[in-house]
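here is a sequence with its predicted model. Questions after.
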Amino acid sequence: MARLARPLDSLKPRYDAIVIGSGYGGSVAAARLARGGKRVAVLERGREFATGEFPSRFPDLRKEMRVTSRSFSSGPETALYDVRLGEDMHVLVGCGLGGGSLVNAGVALRPDSRVFADDVWPGQIAQDGLLDKGFAEARRWLRPARSARAPELAKFQALKASGVAAFGIEPIVPEVVVSFEETINPAGIAQPACTLCGDCCAGCNVGAKNTMALTYLPYAANHGAEIFTHLKVHYVAQDNKDDGWIVYAERLDASAPKGTGQLALHAGIVVIAAGTLGSTEILLRSRAKGLQVSDRLGQRFSANGDIIAFGYGATAPINAIGVGHPPKIADFPIGASVSGQIELNDDEDLANEIRIQEGAMPSALAPILPVMFLPNGRLLGALQSLVSGVYKGPFAHLQTFFAVSHDNASGRFRLEDDRLALSWPGAAGEPVYRRLDAALGALVAKAGGRYVKNPLAGTVMGHQPATAHPLGGCGMGLTRDDGVVSHKAQVFKGAQAGGSIDVYDGLYVIDGSIIPRSLGVNPLLTITALAERTLNHMALDFNFSY
C-alpha cells in the first residue's frame with residue numbers, strides 16, 4: 001500500500017476543511033468530508049507507520065516513547081506512545097497517522113443502553129436515531145470479529161478457569177477490530193489474516209488490524225484528502241476577513257526550511273480531533289488567545305474506570321507475551337491482544353459493572369519485563385527469566401489484565417505554562433479502583449498467582465492510577481452551561497459571544513473528548529459512531545452528501 005502522507009512543502013494555505021488529528025474521530029471526518037467533495041487537509045502530529053515498521057525490539061520501542069510530566073520530558077514529540085505522568089493520574093495515548101487505533105487492543109464494544117440514558121448527554125443523542133445509524137456504519141467499516149481459535153489459547157483457558165472459580169462466570173470471546181481471515185476491506189485495501197502474534201498494542205506488523213490507517217484514511221486519500229504528518233497544531237482562531245477559521249501549526253519535521261516552521265492555514269470548516277488530551281489543549285490555548293467558549297471547557301475528564309494490572313506466578317502457563325511478526329518463536333500462538341472477557345453485570349447499579357479482559361504484552365517489551373518486576377521484590381523470578389527467556393520460566397505464567405468500569409468523571413484540565421495539566425485530587429480513592437482490585441485479586445488468587453496492581457510503583461510512576469482510555473474535557477451538552485459542544489459536536493460560543501445555545505459555524509470537536517462520562521467499555525466503537533453521527537448532521541447543514 002502506498003504511503004498516505006504528503007510532503008509538507010505541498011501544503012496549501014487554504015482548504016474547505018481542515019481536520020486536526022487522525023484517530024477515530026478525525027479519520028471519519030476526513031473520509032466523509034472528502035467523499036462529499038470538500039478540499040480536505042488532515043494534520044497529524046505523529047508520523048506514518050507502514051505495515052512492518054512498528055517497533056518489534058525494545059531498543060526500537062524505547063525510541064517511540066514520549067514521556068512528560070510537570071518537571072521533565074523525554075523522547076520526540078512524534079513518538080508512537082505519548083505518556084503523561086500526572087500528580088493525580090497518568091495517561092497513555094497513541095500518536096501517529098491513525099491515532100490510538102495503531103496501538104490499542106482493538107476491543108469493539110457498544111456501551112450498556114443506560115450509559116446514553118444518563119441526562120448528562122443532550123437529549124438529541126437518544127432521540128434522532130442517528131446514533132444507531134452511526135454504530136451500524138462504524139461496524140461496517142471497522143468489521144469487529146471474534147477469533148474462532150480464542151477458546152484454545154492458554155490465556156483464555158486460564159481466564160475461564162479462574163472466572164468460573166471466582167464468580168461462576170465463563171468468559172466470552174469479545175469482538176475486536178482484527179481480520180482473522182484474508183479480506184478486501186471497505187476501503188479496497190487487501191489485508192492478510194491475523195497470525196495470533198499478540199502484538200496488537202505495539203502496532204500490527206501483519207496488517208490484519210483494522211486501524212484508521214488501513215480503513216477510513218486511505219478512503220479519504222482516494223477521494224482527494226491531503227494528509228500531512230509532523231504538524232503540531234497550537235490553536236485556532238476566527239478568520240475575520242473570510243468568515244472562517246485560521247489554524248496555527250508548527251512543523252516538526254527535521255527538514256523544515258529555516259523560517260517555515262510556523263504556519264497559518266485557513267478553512268471554512270475546522271474539525272478538532274486530536275484526542276481527549278490534544279483537543280482539550282488546543283481549545284484551552286485557543287481560549288487563552290481570545291476565542292470565547294464555554295466555561296465547562298476542561299471539565300468532566302473520565303479515566304473510563306480503567307486499570308491495567310498483572311497476576312504473577314499463576315499455576316498454569318498463560319503464554320501472554322507477544323511473539324511478534326515475524327515470530328520470535330515458531331508455532332506459539334498468543335492470540336489477539338484481547339481474546340477473552342469476563343462480564344460482571346449489575347442490573348441495579350450501572351456503576352458496579354466491570355469488563356475484565358485478559359491481555360498480551362507486546363513482544364518488544366519482553367526483554368524489559370523481568371526488570372519491571374524487580375521493584376516488587378520478585379528478583380528470583382526476574383533473574384530466572386533473564387536466563388531462560390520470558391517465553392519459558394516464571395514469565396510464561398504472567399497474566400495481564402485490562403479492565404474497564406465507571407468513575408465519576410471528576411478530573412479537570414487546565415493550561416500550566418502553556419501545557420496541558422490534569423487535576424483530579426483523590427482520583428486514587430475512587431470507588432471503582434476498590435471494585436477492580438477486589439475482582440482482579442479474586443481472579444488472580446484462583447489462578448494461583450499474586451495480584452500486582454503496578455509493577456512500577458516504586459519508580460517515577462508512583463501509586464497514581466493510569467488510563468489508556470481518557471475521555472471528556474470538551475463534553476457534549478444541551479447548552480454552553482453544561483457542555484463545551486452541542487449534540488452535533490459544534491463548539492458553543494462563550495457568554496460574551498452569544499446566547500447559551502449559540503455555536504460557532506464550522507468549528508467542531510470530534511473525538512473522545514466530547515464524551516461527558518465513562519462508558520464502561522473500550523471507547524473506540526462509540527467514538528467512531530458519534531463521529532459518523534456528527535458527519536450525518538454536518539452533511540445536512542452544509543448541503544453535501546457522501
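Great, that's in hand.

CA only for contacts and neighbour counts going forward, please
Noted.

and the helices in the chain?
24-35, 58-63, 113-117, 124-127, 130-142, 154-167, 216-222, 275-288, 369-372, 379-388, 431-446, 524-542 (DSSP state H).

what does the first one contact?
With contacts defined as C-alpha atoms under 8 Å, 6 or more residues apart in numbering, helix 24-35 is touched by 17, 19-21, 39-42, 98-101, 212, 216-217, 219-221, 223-225, 271-274, 510-512, 524, 527-528, 530-532, 535, 545-546.

just the buried ones among those residues, please.
17, 19-21, 39-42, 98-101, 212, 216-217, 219-221, 223-225, 271-274, 510-512, 524, 527-528, 530-532, 535 (16 or more other C-alpha atoms under 10 Å).

list just the one of the helices of the chain that sits closest to residue 470.
Distance to residue 470, taken as C-alpha to C-alpha, is lowest for helix 275-288 among these, at 6.2 Å.

residue 420 pairs with what?
Under DSSP bridges, the beta-bridge partners of residue 420 are residue 415.

which ones are touching it?
Here residue 420 is in contact with 277, 281, 413, 414 (C-alpha under 8 Å, 6+ apart).

how much space is there between it and residue 39?
As judged by C-alpha to C-alpha, to the nearest Å, residue 420 and residue 39 stand 31 Å apart.

quick one, what contacts residue 20?
Residue 20 touches 26, 42, 43, 44, 233, 270, 271, 272, 273, 274, counting by C-alpha under 8 Å, 6+ apart.

now do residue 263
So residue 263 contacts 247, 248, 249, 250, 251 (C-alpha under 8 Å, 6+ apart).

go again using 7 Å as the cut-off
248, 249, 250 (C-alpha atoms under 7 Å, 6 or more residues apart in numbering).

residue 252 now?
Counting by C-alpha under 7 Å, 6+ apart, residue 252 touches 230, 231, 232.

state the distance from it to residue 418.
Remark: distance between residue 252 and residue 418 (C-alpha to C-alpha) = 18 Å.

same check on residue 532?
32 Å.

by mean pLDDT, which helix or strand of this protein comes out lowest?
Sorting the helices and strands of the chain by mean pLDDT, DSSP states H and E puts helix 379-388 at the bottom, at a mean of 51.

ok, residue 532 touching residue 132?
No - the pair residue 532 / residue 132 is not scored as a contact, 10.0 Å apart, by C-alpha atoms under 7 Å.

which neighbours do these two share?
With C-alpha under 7 Å, 6+ apart, residue 532 and residue 132 have no common neighbours.

need the nearest residue in space to residue 196, chain neighbours excluded.
In this structure, residue 196 finds its nearest non-sequential neighbour in residue 335, 3.9 Å apart by C-alpha to C-alpha, 6 or more residues apart in numbering.

got a list of what the one you found touches?
Here residue 335 is in contact with 150, 153, 196, 197, 198 (C-alpha under 7 Å, 6+ apart).

follow-up on the earlier one: can I get the contacts of residue 20 in TSV with pLDDT and distance to residue 124?
Shown next, in TSV, are the contacts of residue 20 (pLDDT from 0 to 100; distance: C-alpha to C-alpha, whole Å):
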residue	pLDDT	distance to residue 124
26	98	22
42	98	29
43	98	30
44	98	31
233	98	31
270	98	23
271	98	21
272	98	22
273	98	21
274	98	25
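
just send the residues you listed back as JSON lines, with distance to residue 491 too.
Shown next, in JSON lines, are those (distance: C-alpha to C-alpha, whole Å):
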{"residue": "26", "distance to residue 491": "16"}
{"residue": "42", "distance to residue 491": "19"}
{"residue": "43", "distance to residue 491": "19"}
{"residue": "44", "distance to residue 491": "21"}
{"residue": "233", "distance to residue 491": "17"}
{"residue": "270", "distance to residue 491": "11"}
{"residue": "271", "distance to residue 491": "10"}
{"residue": "272", "distance to residue 491": "10"}
{"residue": "273", "distance to residue 491": "13"}
{"residue": "274", "distance to residue 491": "15"}
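
going by distance to residue 55, which of the residues you listed wins?
Checking these against residue 55 with C-alpha to C-alpha, the nearest one is residue 44 at 19.6 Å.

and the gap between the spatially closest residue to residue 303 that is not a sequence neighbour and residue 310?
If the residues on either side of it in the chain are set aside, residue 303 comes closest to residue 470, at 4.9 Å by C-alpha to C-alpha, 6+ apart. Using C-alpha to C-alpha, residue 470 is found at 21 Å from residue 310.

neighbour count for these two, which is higher?
residue 470 (25 against 22; other C-alpha atoms under 10 Å).

and the more buried one, how far is that from residue 212?
The value you get for residue 470 to residue 212, if C-alpha to C-alpha is used, is 19 Å.

check residue 227 too.
According to C-alpha to C-alpha, residue 227 and residue 212 sit 13 Å apart.

just residue 182 next, same as before
Using C-alpha to C-alpha, one obtains 18 Å as the distance from residue 182 to residue 212.

residue nearest the centroid of the protein?
residue 100 (4.0 Å; C-alpha atoms, centre = their mean).

quick check on the residue nearest to residue 293 when sequence neighbours are not counted: phi, psi?
Spatial nearest neighbour of residue 293, chain neighbours left out: residue 494 (3.9 Å); criterion: C-alpha to C-alpha, 6+ apart. Phi and psi for residue 494, reported as degrees, to the nearest 10, are phi -70, psi 170.

now do the same contact list for residue 494.
292, 293, 294.

give me that answer again for 10 Å
287, 291-296, 480-481, 484, 500-504 (C-alpha atoms under 10 Å, 6 or more residues apart in numbering).

cool, residue 137 as well?
With C-alpha under 10 Å, 6+ apart, residue 137 has these contacts: 131, 143, 528, 529, 532, 533.

tally of neighbours for the closest residue to the last one other than its chain neighbours?
Closest residue to residue 533 apart from its sequence neighbours, by C-alpha to C-alpha, 6+ apart: residue 134 at 5.1 Å. Counted by other C-alpha under 10 Å, the residues lying close to residue 134 total 23.

residue contacts, residue 134?
140, 525-536.

could you single out the nearest of those to residue 329?
Nearest to residue 329, judged by C-alpha to C-alpha, of these is residue 525 at 32.8 Å.

which residue packs closest to the closest one, ignoring adjacent ones?
Excluding the flanking residues, the one nearest residue 525 by C-alpha to C-alpha, 6+ apart is residue 108, at 5.4 Å.

next: residue 201.
Once flanking residues are discounted, residue 201 sits nearest to residue 103: 4.2 Å by C-alpha to C-alpha, 6+ apart.

check what pLDDT the one you found gets.
Looking at residue 103, its pLDDT is 98.

and the contacts of stretch 117-125?
115-116, 126, 130-132, 475-479, 482-483, 485-488, 515-517, 530, 533.

quick one: end-to-end distance for it.
First residue to last in stretch 117-125 (C-alpha to C-alpha) measures 9 Å.

average model confidence for that stretch?
Rounded mean pLDDT across stretch 117-125 is 96.

what sits against residue 497?
Residues near residue 497 by C-alpha under 10 Å, 6+ apart: 291, 292, 293, 503, 504.
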